[in-house]
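>>> Return atomic coordinates for the entry below.
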Amino acid sequence: MPVSADETVGNLAVRDTVLTPAGTEGLQESSSTQNVKARQVISRISREELEDRFLRLRDDHMLLKQYANKQEEKIKRMTTKLIRLVNDKRKCDQAGSGPKRLGQALELEEMIEHLRGKVCELEKQNESLRNKLISTKQQLQIQGHRPCPYSSVQSRVNTGLKKESETAGMPDHTKKGMRFQGLEVRSSDLVLPKYGRSLLEDSRAEIRNLETVIESQKNQIEELDRAREILGNQLRRKEKEIEESTLRLKEQGTASQRLNIQDNVEMIKVRKQLAEKSNALSAMEGKFLQLEENLKTNHDALLAKGDELNVQLKEERLKCFHLQKELQTVAISNRRTEELQERINDLENENKLLKENYDKLHNSVFSLPHEQQWKSKEQQLKLQIAKLEAAIKNDLADKNEILDKIKVERDQKEKLMQDNKDLQLRYLEQKQQLDDLKNQVKKQQKNVDLLFLEKVEDDIHKDVEYSMQELQLTHVETVQELEKTRNLLLVQHKISKNYQTEVETMTRKMESLQKDYELKLEQYTHLLDIRAARIRKLEAQLGDIVYDTKPLKSRQEVLLNDPVGGFVETVHLERGENLFEIHISKVIFSSEAMHTFGDWEPATFCTYAFYDFELQITPVVHGKTPSYDFTSQFLVQSDDSFFHYIQENSITLEVHRAYGIDYETIASCQLKFQEILEKEGKIYNTANLVGKTGHIQNYGTVEYWIRLQVPMDQAILPYKQRSKDLGYGIMPSFRKHEQPSKVCLGLYLIERITSWRREHVVQDAKQLLGDKVKDMAEEIQQEKEELSHLSEEQLADLTLVTSRDETEIIEELEPEEDDAVESIKTDSDDCIISSPVSTNIKQLIEKIQIKITSLGLTESRITADETIQQLFVECRLNNFLAEETPLSLPKPPSGQRIHYNYSTAINVDKEDNHAEREYLKSILLKPDLPADSLKFTVVSDPPEDEQDLECEDIGFAYVSLKEIFQKQRDIIEQDIDVFDSQDASAIIGKLTVTVEALNALRSVHEECKND
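Next comes the predicted model:
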């Protein structure tokens, strides 16, 4: 309620403030500014709200007026009491009585007044009762003298009326004396009725009671008068104390008036300062508005100019671009003309030489057998020339394609450069706007120094608060407006910051694209140089062969017209060496075998061992007609022992079926190579599979082909002649010349699989072999894991690049070291399989080996959620680079598992991975470190038809490295709990992992001891 809120207003001390003329002038100025601001504020408020406020203020004013009237009445009473007390005190001082307690006198005085009030009220009641008694007596008298029409008839009920006989017998002086109260008639003849008696008795009893009360009150009044006289004496004695207290109060009042005067002076000064500041602020606001308008106009003009300049710049760039294109076309045409002129000159020289040789041969006389030999040689040379010409044509076509690609990428580069420049211009404009806004913010922050008024207001006495409310309201409004401008500036700053980050990201993208473009350009130029060198080398070899100026060297032939050749060899062949290829195309299972498989699509792979090379393993492929498309190449010596092996022996190809981490040999067949000695090129063949179980004999067929890269007719013919001479017996010297065990070049041709990635099973397939290949497969696996984590710089010496869909340009490199690493890189991102020979294997103490085997889910929200379809697993050590499985697999139903079989390693060596090693040290040295675990995250991969969705973390699993070090035992194929990402207490599945980190932790611990 407003009354209760303003009750303290009446208790506040009233201060008389006398303003000087200067003060009145300052107040008039401040009031004028306040009126202007008040009008501004009122203009912003609606009419309904103003009316509502007016009505509320009027109601509050009425209530305050009523309360003020009550307070004035109380004040009057108190003043009368105070005057009375002062008079009594003076009387007491004149009488010379001693001082007594003033409080008791006041209490007695109040009691006397209270009793006097009660006496007055009782006297009023007494008078009213007396009047009532007289009126009742008069009514009784009137009723007694009233004539009755039936006076002869006696009444059966006593009505209280007097009879005529009774009144007749009464003397006259008694009739007249009935007005007297003390008169009582006690004759037996004159008896009043019962009703009249009761009324008279009641009234008499009341009168007696009132008389007794009056007498008692008179006695009390006499006693109180005596007490009043005593108290009056006490009040006279207390007058001195009251005068002393009044003097003290006067002194305090004068001091408070002085303080009030000082406060008023300070208030006037503050009001003057506030008026000056407000005028300055209004002037600054006007200037700010003008500057803002000027800024907007200038900004619009600059934007218009910038647009015009951008249009002109684009036109000029288009002109430059067209001119550069014309220059490029002219340069390319000049190069082509020069190359064609050189080729024409070479062909003319060759034509001259051919004519001379032809004339010599024509003039010379040969016998018929010599003529036939020369004709056959001529035909062979013509065929070779035709092949080389076709190769040159294909090279020219490839070169033209590469040049076209280079043009397209140059165009893209120019477009990106244009975008980059546009973004830089936008960035500069935004930066300029940001600087202007910062300057405005600084200016406004200087103007916001008015906040010191709040401190001044806090120091002023509480009595000034009521007068300063309007000033505070205006000040709060100005502060709010400044806050709004500040927020606007902050928003503008954030926008400019976002623009700046976008510009930076775009510049980074431009730089990365430019670097990629330059790298690709260098690669293309390098490959073109290599191709040109190869063409020149082949032309030189052709010239040597044609003109018999150089002996024939057995080099690898490039078969450009080969439709199945998914890659081109660049292996350097020495004299007497050749490259033998075995390609496993596919396996076609019989109906009986398909019946054993049932509805499941089996996962199968093949193994075979050729000559004295290591065991070869195809990729694991799912399906009832698996297509492996697996090619292995073997570098062999073209001697009699190799030819004898091909002629007499065959190799065993075994087909295995994979069951997760286990496998089973289901069928086998023999592959024969005798036809390679009779025919050239690729020799396609099939072999029948025989089941291992016995009840299925015809398990299917295997389609394969074999090839010698370089035809060896000159070496095969002498071998055949010698074998005929020996009667097809086994030469005793064959076994002496057997080559030592070599490592296959490992040139795997991997099928480009789009529907399902299967490379994750290849690593386990090498671990699933029998006893005869177990050691060899483990070595391959270790070496492959070592090289699978090599950086791009370490893989710069890749020598063989294979592709199934398109022919790439391959580079011929001479190996710098004997232990060079040779590997395969496919054009697809699905798989990189390496079969290296490396001696620079990192020690186990320098890395943490991690293997993610399988994942199984329990009944939870994950299995019920239909939006989660594909899952992959991510492994992370603290905040370092995360490793994740290369593919996402379909979500398994409850109770089943999906197998990733993914292995990786985290290097913790000092040279290249110092941060990871320091983190392991912190784990061992700080036992209270919370983050001491490897974190495995199960991530939901969105389906292909909903690529706009983001990956979602659905579960976490942890392996404590500290626990591994404490227990001195690695985690091998152990199931760990996967906790829900939304509810850390809920387990949603099991993850089977292997973590081998004990050796690395031991080495770090020893290093800590040494330090």
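>>> who's Phe589 bridged to?
Legend: beta-bridge partners of Phe589 under DSSP bridges are Gly700.
>>> Run a quick neighbour tally on it.
Residues lying near Phe589 (other C-beta atoms under 10 Å) number 24. In short, each C-beta sits where N, CA and C put it, glycine included.
>>> That one and Glu601 touch, don't they?
No: look at Phe589 against Glu601 with C-beta atoms under 8 Å: they stay out of range, at 11.2 Å.
>>> Find residues that contact each of these two.
Common neighbours of Phe589 and Glu601, using C-beta atoms under 8 Å, 6 or more residues apart in numbering, are Lys624.
>>> what mean pLDDT does the longest helix seen in the chain have?
Looking across the chain with DSSP state H, the single longest helix is helix 239-363. Average pLDDT, helix 239-363: 85.
>>> so after that helix, what's the next helix or strand?
Using DSSP states H and E, the helix or strand that follows helix 239-363 in sequence is helix 368-447.
>>> what stretches of the stretch 51-200 of the chain score poorly on pLDDT?
For the stretch 51-200 of the chain, the stretches with pLDDT under 70 are 96-106, 143-198.
>>> Which residue ranges of it form helices?
Here the stretch 51-200 of the chain has its helices, by DSSP state H, counting those that start in this stretch, at 102-144, 164-168, 172-176, 194-237.
>>> For Glu944, find the nearest of these.
Minimum separation from Glu944 across these (C-beta to C-beta) falls at helix 102-144, 98.4 Å.
>>> quick revisit: reformat the helices of the stretch 51-200 of the chain as JSON lines; add mean neighbour count and distance to Lys910.
JSON lines is the format used below for those (neighbours: other C-beta atoms under 10 Å; distance: least, C-beta to C-beta, whole Å):
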{"stretch": "helix 102-144", "mean neighbour count": "14", "distance to Lys910": "94"}
{"stretch": "helix 164-168", "mean neighbour count": "11", "distance to Lys910": "146"}
{"stretch": "helix 172-176", "mean neighbour count": "10", "distance to Lys910": "145"}
{"stretch": "helix 194-237", "mean neighbour count": "14", "distance to Lys910": "104"}
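>>> Output the contacting helices and strands for the longest helix of the chain.
helix 21-44, helix 47-95, helix 368-447, helix 452-459, helix 469-547 (3 or more C-beta pairs under 8 Å, 6 or more residues apart in numbering; DSSP states H and E).
>>> rank the ones you listed by pLDDT, which is bottom?
Among those, helix 452-459 scores lowest, at a mean of 51.
>>> Show me the one of the helices of the stretch 51-200 of the chain that comes nearest Gln418.
With C-beta to C-beta as the criterion, Gln418 lies closest to helix 102-144 of these, at 99.4 Å.
>>> on that earlier part again, and Asp941, which of the helices of the stretch 51-200 of the chain is closest to it?
Evaluated over the helices of the stretch 51-200 of the chain, closeness to Asp941 peaks at helix 102-144, with 92.1 Å, by C-beta to C-beta.
>>> got the angle between that closest one and helix 194-237?
Using axes from the mean of the first three to the mean of the last three C-alpha atoms, to 10 degrees, the inter-axis angle of helix 102-144 relative to helix 194-237 is 160 degrees.
>>> what's the angle from helix 102-144 to helix 239-363?
With the same axes, to 10 degrees as the basis, helix 102-144 and helix 239-363 are set at 110 degrees to each other.
>>> what angle do helix 102-144 and helix 47-95 make?
Using the same axes, to 10 degrees, helix 102-144 lies at 100 degrees relative to helix 47-95.
>>> just how off-centre is stretch 956-964 within its chain?
26 Å (C-alpha atoms, centre = their mean, to the nearest Å).
>>> ugh, typo on my part, it should be stretch 673-693
For stretch 673-693, the distance to the chain centre is 60 Å (C-alpha atoms, centre = their mean).
>>> Please apply the same query to stretch 429-449.
The answer for stretch 429-449 is 31 Å, by C-alpha atoms, centre = their mean.
>>> what about the helices of the stretch 51-200 of the chain, which gets the closest to Gln290?
Nearest to Gln290 among these is helix 102-144; the distance by C-beta to C-beta comes to 71.7 Å.
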